[in-house]
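What would the 3D arrangement of this be:
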Amino acid sequence: MNSLRETVDRLEDENKRLRTAAYEQDLEIQRLRELLEDAGIPPDPPVYSEKPGGFDEGAGDSKGGSSKKSSGNIFGHLRSRMQN
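This next block holds a predicted model:
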């Protein structure tokens, strides 16, 4: 019975640690979104499309998802903005 109690305690501690880490990540994501917004970069990355130019600013939903292939990162978008 003691072993079971130790396991439950360990799992509760791990759950608390994971929840804290998730909360801290949420805060960091919010901070990064605010930095992007302050820099004039849209919060949702553009979605890669087969159209000439490669990026379709209007594609995708507000969560960045789309039926089209996503660029996967913001760096290509930043490079294209720096070149323009």
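
Give me the packing partners of the helix or strand harbouring Leu18, helices and strands only.
Element membership of Leu18 [criterion: DSSP states H and E] is helix 2-38. Using 3 or more CB pairs under 8 Å, 6 or more residues apart in numbering; DSSP states H and E, no helix or strand is in contact with helix 2-38. Glycine gets a C-beta too; all of them are placed from N, C-alpha and C.

Buried residues of that helix, list them for me.
Leu36 (16 or more other CB atoms under 10 Å).

List every C-alpha atom in stretch 2-20, with coordinates, as PDB.
The C-alpha trace of stretch 2-20 is given here as PDB (Å, rounded to 0.1, in the frame of the first residue of the first chain):
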ATOM      1  CA  ASN A   2       2.900   2.300   0.800                       C
ATOM      2  CA  SER A   3       4.300   1.800  -2.700                       C
ATOM      3  CA  LEU A   4       0.900   2.800  -4.300                       C
ATOM      4  CA  ARG A   5       0.800   6.000  -2.200                       C
ATOM      5  CA  GLU A   6       4.400   6.900  -3.300                       C
ATOM      6  CA  THR A   7       3.400   6.300  -6.900                       C
ATOM      7  CA  VAL A   8       0.300   8.500  -6.600                       C
ATOM      8  CA  ASP A   9       2.400  11.200  -4.900                       C
ATOM      9  CA  ARG A  10       5.100  11.000  -7.600                       C
ATOM     10  CA  LEU A  11       2.400  11.300 -10.300                       C
ATOM     11  CA  GLU A  12       0.800  14.300  -8.600                       C
ATOM     12  CA  ASP A  13       4.100  16.000  -8.400                       C
ATOM     13  CA  GLU A  14       4.800  15.300 -12.100                       C
ATOM     14  CA  ASN A  15       1.400  16.600 -13.100                       C
ATOM     15  CA  LYS A  16       2.000  19.800 -11.200                       C
ATOM     16  CA  ARG A  17       5.500  20.200 -12.800                       C
ATOM     17  CA  LEU A  18       4.000  19.600 -16.300                       C
ATOM     18  CA  ARG A  19       1.100  22.100 -15.700                       C
ATOM     19  CA  THR A  20       3.600  24.700 -14.500                       C
END
